[in-house]
Each structure stands twice: as structure tokens, then as C-alpha cells.
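>>> Sequence unavailable; structure follows:
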């Protein structure tokens, strides 16, 4: 193993919390497989930013393929080369290898999918990027999470009950940070009401609710009488793995507009309910983000 990536390898910059990192890993491992190289991770973002619990993906790649010094300057094309990269990337020239590809759209980007760049910077939130390797990627992610989770076996059995409903309520910087709120601050309270109604009808008392949140009092935020007896798992930012595994076990999962609960829905075997708007900056859902078996529920 060399000390730096070869010309056949792919380097993906890792940013954000666990859900975002898993998307970046999935995108990168599929891209590296397609190009016949290895996946390297640029984890330098976390030297200056403490997103959620920091860099989480170390167990998924060889230690020698994790780069802790910022690689952007190494791969950033300049002047005429940048123009050539842009032109040939758009033209999808099969043998052309661009230096860097920066994400340009939210959701699936067919140009990024076809790109043969060496360095990728973005969030890559679509399973369409890795549809040819999905079973291997999902198996690797599941093994990674289960290996780090600390879940109570009896609680996992409870969540599999047909009357168990898990809700992910993502607030945190979606509310407190203006830049995040301007993009992700979709008010989902009516969506949760509609999803619960769709699952339970008029018999909410027959169901047990489990709320997973980064907020200390998500029940008050939601303002729903049916949730006053819910089991609440909040403020557990030191253990996102257990929350993801538990959410994935639930017979019914009402997800947030969050990459974190996206992975719970992807890994789960129950029914997943998803909001019909993902961000404030566009209506609907980014292209090819949702899985076809998910039930879309109105936000407003």
C-alpha cells in the first residue's frame, strides 16, 4: 500500500454527520469499484469542524487510506485545465480523468455519476450513485453499525412489534443555525400528524411510539396528545449507531428530512414514511433520493 493515492484511485472528501458520511462512503466505494481503484477518504474537514460526533468511517477503510491533511489543493485544477475538465466532464469522454468534481445539484447528478475524476467533494445523497453495488454497500454499513451499537435486545424486540412506531425528529442546527435553517428548516409537524393518522387511524392508544431526536423535548415540539406516553431517546449524540439500528428495527418509521433517518429507512425492513418536501429551497424531493417502497406523506 502506497502512502498516497495512485492515478486509478478515488478520493472522497468527508463532511457532516454520520448520515452524510455514509452517503459519501457509498458513493466513493461504488466509484472506486467502477474505475478499478481503491477508495481513499479525505477526513481533514474534522480537524477544524466538529460536526456531530466527528469522523465516523475509520472502521470501513484501511487506516492507510484515510488522509488527515486537506487534499483539495492537490486535486484542484486551475486555469485552462479547469476549463478542459468542465468541458470534457460534461461531454462524458470515457478515457478522460478530471482532477476534481464538486457536487453541483442536490440529489442525483448524471454528470457526477459518469465522472472519472480523482477527487470528489459533495454529499452525494442518492442511492442511484451506487445501484450496481447496493447489496455489498448495505451489508457493509449494516455490519459497521451493528458492531458499534449498544442496543438492548428486549428493546429491539419491542420495536419489531407491528404496533411499534418510531419517529425521527431532527431539529438541532436545523433550528439554531440560520444557514442550516434556511435550507433544511422545513416545518414537519403537520407531516408527523398525517403519518401517525395514516398508520394508526383513530386507534393511537393501541400503538407504542418511540421518538429519536437531537432535541431535549421533542414531544413538546410536536404537540401531539398521542405522543405523551412515548419513549424518548434524545440528546444521545455520543451514540448515533444505536439510534440508527433501533430506528431500522421499527415496524413503522416516520423519518425526518435527514440523511440520518434516510439510512434507517434504507436498512429497515418495516414501513417507512417520508416527507414530500426535503428542503426549503426547492419543492418536492431531490431526484432519486427516495426508495420506491417508501410512502410519501404531505408536509402541508
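Sure thing, it's come through. The shown structure was predicted, so the numbers you read here are calculated from the model rather than taken from an experiment.
>>> Residue 103 and residue 111 touch, don't they?
No - here residue 103 lies out of contact with residue 111, judged by CB atoms under 8 Å, at a distance of 10.3 Å. Where C-beta positions appear, they are placed from N, C-alpha and C, glycine not excepted.
>>> Now do the contacts for residue 31.
Taking CB atoms under 8 Å, 6 or more residues apart in numbering, we find residue 31 in contact with 10, 12, 39, 120, 129.
>>> ok, so of those, who is nearest residue 268?
residue 129 (20.4 Å; CB to CB).
>>> which SS class is the closest one?
helix (DSSP: H, G, I helix; E, B strand; the rest coil).
>>> What about it, how many residues nearby?
21 (other CB atoms under 10 Å).
>>> neighbours around the residue lying closest to it once chain neighbours are set aside, how many?
With CB to CB, 6 or more residues apart in numbering as the criterion, residue 129 has its nearest non-adjacent residue at 4.7 Å, and that residue is residue 27. Using other CB under 10 Å, residue 27 has 26 other residues around it.
>>> Check which residues of whichever strand or helix holds residue 27 are buried.
Here residue 27 sits within helix 18-35, counting by DSSP states H and E. Buried residues in helix 18-35, counted by 16 or more other CB atoms under 10 Å: 18-33, 35.
>>> Following the chain past the lowest-mean-pLDDT helix or strand in the chain, name the next helix or strand.
Every helix and strand of the chain was ranked by mean pLDDT, DSSP states H and E. The lowest is helix 79-91, at a mean of 59. Next along the chain after helix 79-91, taking DSSP H and E as the criterion, comes strand 100-102.
>>> packing partners for that next one?
Secondary-structure packing of strand 100-102 (3 or more CB pairs under 8 Å, 6 or more residues apart in numbering; DSSP states H and E): strand 119-121.
>>> by contact count, what packs against the strand it packs on?
Counting by 3+ CB pairs under 8 Å, 6+ apart, strand 119-121 packs on strand 10-13, helix 18-35, helix 72-75, strand 100-102.
>>> Please identify the buried residues of that strand?
Using 16+ other CB under 10 Å as the test for burial, strand 119-121 gives 119-121.
>>> which one of the residues you listed is nearest residue 248?
residue 120 (26.9 Å).
>>> you'd agree the closest one is up against residue 12?
Yes - counting by CB under 8 Å, residue 12 is a contact partner of residue 120 at 5.0 Å.
>>> so what's in contact with those two at the same time?
Common neighbours of residue 120 and residue 12 (CB under 8 Å, 6+ apart) are 27-28, 31.
>>> Dump those residues into CSV; add distance to residue 179 and pLDDT as well.
Output for these, formatted as CSV (distance: CB to CB, whole Å; pLDDT from 0 to 100):
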residue, distance to residue 179, pLDDT
27, 23, 98
28, 26, 97
31, 28, 96
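>>> would a markdown table of those with distance to residue 4 be doable?
Shown next, in a markdown table, are the shared contacts of residue 120 and residue 12 (distance: CB to CB, whole Å):
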| residue | distance to residue 4 |
| --- | --- |
| 27 | 21 |
| 28 | 16 |
| 31 | 18 |
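>>> Before I go, just wanted to say thanks for your time.
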